[in-house]
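# my questions are about this predicted structure, shown below with the sequence.
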Amino acid sequence: MSSSAPPSGVERLKQGSQGLRGDLARELAAPGREVSEDAYNLLKFHGTYEQHDRDTATARKQRGEEKDFSFMVRVRMPGGVLTAAQYLALDGLADTYGNATLRITTREGVQFHGVIKQDLRATIAAINHALLTTQSACGDVVRNVTATPAPRRDAVHARLRADAAMLSATLLPASRAYHELFLDEQAQAELGAAPEPEPLFGPTYLPRKFKIGIAAPSDNTIDVLTNDLGVIALFEGEHLLGYNLALGGGLGMTHNKPATYPRLATPLVFVGPDDLRRGAEAVIALQRDFGNRADRRRARLKYLLDDRGAEWAKTALEGYFGAPLAPARAMPPLEVPEILGWHAQGDGKFWLGIPVPSGRIADRPGVRLRSALREIVVRFGCDPVMTGQQDVLLSNLAPGDRGPVEALLRAHGVALAEDLTPLARWALACPALPTCGLALAEAERVRAPMLAAIEAELARFGLAEERISLRITGCPNGCARTYGGDIGIVGRMPGHYALYVGGDFAGTRLSFKLHDKVAEADLASTLAPLFAAFAAGRGEGEGFGDFCTRLGAEELRALPASRRDAA
């Protein structure tokens, strides 16, 4: 441990949980819709969070009623890859047990919302029946492994997909608690056996969540440097040279707590083509043994790396790896290509990337996206891939499918990539209210009006076609990677946001806070002077985030308000 302070309550809970079992079997079988705090914390490891409807909480309390509790259930699906059959199974579960929506996460997963406690076991069992799982989709373990999502049929992308699947499968806990609780496996205790040892994670698992992403420099649509472990595969043509391992990414922070902060991962060491798993396990062991188990706010790998230093981390890693490690190699710049729209896969087939606002696959008045996707998957047998930008790529479409697929989408009112401004195309938003207990302000529900207001300001200054990434979250934890884009809007209090600018589009630089507690209605006008200055004074090929970083916070704040009226 990195501190002599006593372990946190969650650490003590994990230690005594009998391999993540705790009292979950009894609590899940008990009547009522709520679980205890201990059960809440242990259920995360099995892929589900208890939530309640914050919109109705006050009125229900005034009536003497309990909160409207339900559960979010998250599917673990490395690289966002699904078969047509798996997608249709998940789509059906949205009606059977959820709130009739699917939500694509910024980590290429799928979430269900609105699942009641009595349906948890059936929901999770059905997901497993589709050859998917929710195990370790949440909790202090290795979560869903993300990877470059583009379904190109070449050696580079095949290797990235295979690596993501391999790491996802091999970095799961050894405990059979998940299978006992949700899949009717006979309990170890009933067999007279002790809980299984955890050779990788140990009895208390990891100090905090651990995220892994795999990308090639040519496609950083997953923001690989925001991960605890960013794996950057280096190729010479289609020949894999090996992997740069970048350590210490993570965007979560707490307002007014300077000891917490977002950080991008540091490329630290290089491992060969056959050593990825060994290298990943070494990084996990480092965090397991030295991560902060006393203060969960400072428990991520990024703080360990900053507290101990990169040289210490490299030396320690070599001990776990069992051999000297070469330093990270020079690599090409990270790029973010366009993957929406129609693209040739390289095998005679195509994929179509469809934008999904806030990742919410739903049927709304005038836009029946969920019905359209279901019909396309059924009729054309395409295999969906969920992206880290909360969109869906429909892969394996035949050349002749283009007209019928587009006609079907249009008939259902679905906007295609060419219908969007670049700002809308690259905008992310977390769910926030009413389900997230951490949300301080709205995100998904205000995305559309917030986007429209900012688009209008961009258009006034001739910037409507400028590629700018916008990320919106209801709290500072960064689930929509708020600090990694050109513009970050972070929930500060109801109706008010902190405004961040200066990140770069390629995901290699963090943004900085420009203003605090900006009213939602004032966000677009607050950005207007920046847009005016950018339009008038940007350099050749300079992006908006680059421009903001060049000027710096003080000069940006000093821009005259009169620029807002300049056209």
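Thanks, I have it.

# can you map out the helices along the stretch 451-567 of the chain?
523-537, 544-557 (DSSP state H, counting those that start in this stretch).

# so for the first one, mean pLDDT?
When pLDDT is averaged along helix 523-537, the result is 98.

# same question, stretch 108-127
Averaged across stretch 108-127, the pLDDT comes to 98.

# tell me which of the helices of the stretch 451-567 of the chain lies nearest to Gly388.
helix 544-557 (18.2 Å; C-beta to C-beta). For the C-beta atoms, the positions are set from N, CA and C on the backbone; glycine is no exception.

# ok, Asp363 - contacts?
100, 369-371 (C-beta atoms under 8 Å, 6 or more residues apart in numbering).

# how about JSON lines for the helices of the stretch 451-567 of the chain, with mean neighbour count and distance to Ala456 added?
Written out in JSON lines, the entries for those read as follows (neighbours: other C-beta atoms under 10 Å; distance: least, C-beta to C-beta, whole Å):
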{"stretch": "helix 523-537", "mean neighbour count": "20", "distance to Ala456": "7"}
{"stretch": "helix 544-557", "mean neighbour count": "17", "distance to Ala456": "16"}
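
# TSV for those helices, including distance to Arg143?
Formatted as TSV, the helices of the stretch 451-567 of the chain follow (distance: least, C-beta to C-beta, whole Å):
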stretch	distance to Arg143
helix 523-537	31
helix 544-557	27
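
# among those helices, which comes closest to Gly507?
helix 544-557 (10.3 Å).

# by contact count, what packs against the closest one?
Using 3 or more C-beta pairs under 8 Å, 6 or more residues apart in numbering; DSSP states H and E as the contact test, the elements touching helix 544-557 are strand 496-501, strand 512-519, helix 523-537.

# could you check the angle helix 544-557 makes with the last one?
Put plainly, it is helix 523-537. Counting by axes from the mean of the first three to the mean of the last three C-alpha atoms, to 10 degrees, helix 523-537 lies at 110 degrees to helix 544-557.

# relative to the whole chain's centre, how far out is helix 523-537?
Its chain's C-alpha centre and that of helix 523-537 lie 29 Å apart, by C-alpha atoms, centre = their mean, to the nearest Å.

# residues in contact with that helix?
Under the criterion C-beta under 8 Å, 6+ apart, residues 450, 453-454, 456-458, 460-463, 487, 489, 497, 499, 501, 515, 518, 544, 547-548, 551, 556, 559-561, 563-564, 566 lie in contact with helix 523-537.

# can you say which of those residues are buried?
In the contacts of helix 523-537, burial by neighbour count holds for 450, 453-454, 457-458, 460-461, 463, 487, 489, 497, 499, 501, 515, 518, 544, 547-548, 551, 556, 563-564, counting by 16 or more other C-beta atoms under 10 Å.

# mind checking how far Tyr243 is from Pro333?
In this view, Tyr243 and Pro333 are 17 Å apart by C-beta to C-beta, to the nearest Å.

# looking at the two, which has the bigger crowd around it?
Tyr243 (24 against 9; other C-beta atoms under 10 Å).

# rewinding a little: now distance to Ala187 too, for the helices and strands packed on helix 544-557, in CSV please.
Shown next, in CSV, are those (distance: least, C-beta to C-beta, whole Å):
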stretch, distance to Ala187
strand 496-501, 47
strand 512-519, 50
helix 523-537, 53
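
# wait, which of these is closest to Pro355?
That would be helix 523-537 among these, by C-beta to C-beta, at 21.2 Å.

# can you count the residues close to the spatially closest residue to Leu458 that is not a sequence neighbour?
Spatial nearest neighbour of Leu458, chain neighbours left out: Ala464 (5.4 Å); criterion: C-beta to C-beta, 6 or more residues apart in numbering. Residues near Ala464, counting by other C-beta under 10 Å, number 14.
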